[in-house]
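Trainee: A structural model of the following input is requested.
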Amino acid sequence: GSRLSQDIIATVREQARQQKLKTQEELTALVASLISAELKPGTLVPETGKLQCFLFLGVNGVGKTTSIAKYAHWVKKSGFTGTTVLAAGDTFRAAATEQLTLHGERLGLRTVSQGHNADSAAVVYDAIESAKARGDSLVLADTAGRLHNQALLVKELEKVDKIIRQKLNGAGQYKKILVIDATTGQNGLQQAEVFHQAVGVDAVFLTKYDSTARGGIVVSICKNLGLPIAFVGTGEKYDDLHPFDVKEFVDNILARE
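Mentor: Below you'll find the predicted structure:
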């Protein structure tokens with residue numbers, strides 16, 4: 001973000017004069033420390049023995065549905081012994097339900113869904129009720145991302161959020177995860193603000209990190225909204241999801257080896 005970049009530049013100039021820094025290595029190290037100080041790594045680990053729901057948020061095209069599948073795969077690899085169920089709550093985007101269902105089949109996971117343009121909150125409701133009946137531990141829920149109609153999106157998400165809170169009733173973890181495209185610039189911060197104001201965001205996934213973009217907008221998201229970054233997606237395979245590493249991220253932004 002331009003504003004944060006200007007703030008960092010001003011601080012570098014001031015501290016460089018005070019500390020008499022002159023070499024490129026010294027200045028780059030100072031920039032790295034300033035960026036690192038703004039970043040907030042986060043953890044997102046499901047608990048065992050209780051029902052919980054992780055709700056995935058984000059505009060269309062950022063990779064929400066694929067991120068859900070990758071995270072479900074990561075959860076299983078991490079040693080989580082509970083059963084995961086997928087909720088196809090994005091009933092707005094064409095083929096979103098079919099896409100999530102296909103991922104579920106490939107991963108051996110059950111998917112709860114309804115038809116196109118169905119009530120998203122009803123899908124999530126059914127998924128939680130089904131999970132309770134079957135003894136599942138984790139519901140991973142997809143949502144629509146029609147940011148072009150912000151009022152409708154916010155209303156829908158608030159309804160979904162209310163349903164989940166009522167059904168869990170504080171008994172298990174409820175996390176709201178924002179998915180951000182690494183190629184997104186200042187608009188990424190605006191997206192984060194909309195979703196955070198609507199239902200509150202607990203963690204961020206950064207997708208398409210294998211692109212030429214550096215994903216620098218998440219620095220502004222961390223600083224302005226206080227949101228932690230939990231995972232980064234680095235490809236299209238299920239294994240291409242990794243916990244966020246501050247040093248690696250900053251080194252990539254600054255093109256340091």
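
Trainee: Who are the packing partners of whatever helix or strand residue 155 lives in?
Mentor: Assigned by DSSP states H and E, residue 155 belongs to helix 150-168. With contacts defined as 3 or more CB pairs under 8 Å, 6 or more residues apart in numbering; DSSP states H and E, the packing partners of helix 150-168 are strand 52-57, helix 120-134, strand 174-181, helix 186-199. For every residue, glycine as well, the C-beta is placed using N, CA and C.

Trainee: please redo it, this time with the cut-off set to 6 Å
Mentor: helix 120-134, helix 186-199 (3 or more CB pairs under 6 Å, 6 or more residues apart in numbering; DSSP states H and E).

Trainee: list the contacts for residue 53?
Mentor: 139, 164, 174 (CB atoms under 6 Å, 6 or more residues apart in numbering).

Trainee: right, I mislabeled it, should have said residue 230
Mentor: 42, 44, 203.

Trainee: got the phi/psi numbers for the residue lying closest to the last one once chain neighbours are set aside?
Mentor: Nearest in space to residue 203, with sequence neighbours left out and distances taken as CB to CB, 6 or more residues apart in numbering, is residue 230 at 4.1 Å. Dihedral pair for residue 230: phi -100, psi -50, per degrees, to the nearest 10.

Trainee: wait, which of the contacts of residue 230 is closest to residue 84?
Mentor: Within the contacts of residue 230, the smallest distance to residue 84 is 13.3 Å, found for residue 44 (CB to CB).

Trainee: can you give me the helices in the protein?
Mentor: 2-19, 24-38, 64-77, 96-107, 120-134, 150-168, 186-199, 217-225, 246-253 (DSSP state H).

Trainee: between the ones you listed, which gets nearest to residue 90?
Mentor: helix 96-107 (4.0 Å).

Trainee: got the angle for that closest one vs helix 64-77?
Mentor: 20 degrees (axes from the mean of the first three to the mean of the last three CA atoms, to 10 degrees).

Trainee: which helices and strands does helix 96-107 pack with?
Mentor: Short answer (3+ CB pairs under 6 Å, 6+ apart): helix 96-107 packs on helix 64-77, strand 110-112.

Trainee: Go through these and pick out the most buried.
Mentor: helix 64-77 (a mean of 22; mean count of other CB atoms under 10 Å).

Trainee: now for it, which elements pack on it?
Mentor: Packed next to helix 64-77, using 3+ CB pairs under 6 Å, 6+ apart, are helix 96-107.

Trainee: quick one: buried residues of the helix it packs on?
Mentor: Within helix 96-107, the residues scored as buried using 16 or more other CB atoms under 10 Å are 96, 97, 99, 100, 101, 103, 104, 107.

Trainee: gap between the last one and residue 210?
Mentor: With distances taken as CB to CB, to the nearest Å, residue 107 is found 21 Å from residue 210.

Trainee: Just among the contacts of residue 53, which is most surrounded?
Mentor: For these, the largest number of neighbours (other CB atoms under 10 Å) sits with residue 139, at 27 neighbours.

Trainee: For that residue, give its distance to residue 181.
Mentor: 24 Å.

Trainee: Repeat that for residue 138.
Mentor: 25 Å.

Trainee: Number of residues surrounding residue 95?
Mentor: Residue 95: 12 neighbours (other CB under 10 Å).

Trainee: Next, it: phi, psi?
Mentor: phi 70, psi 10.
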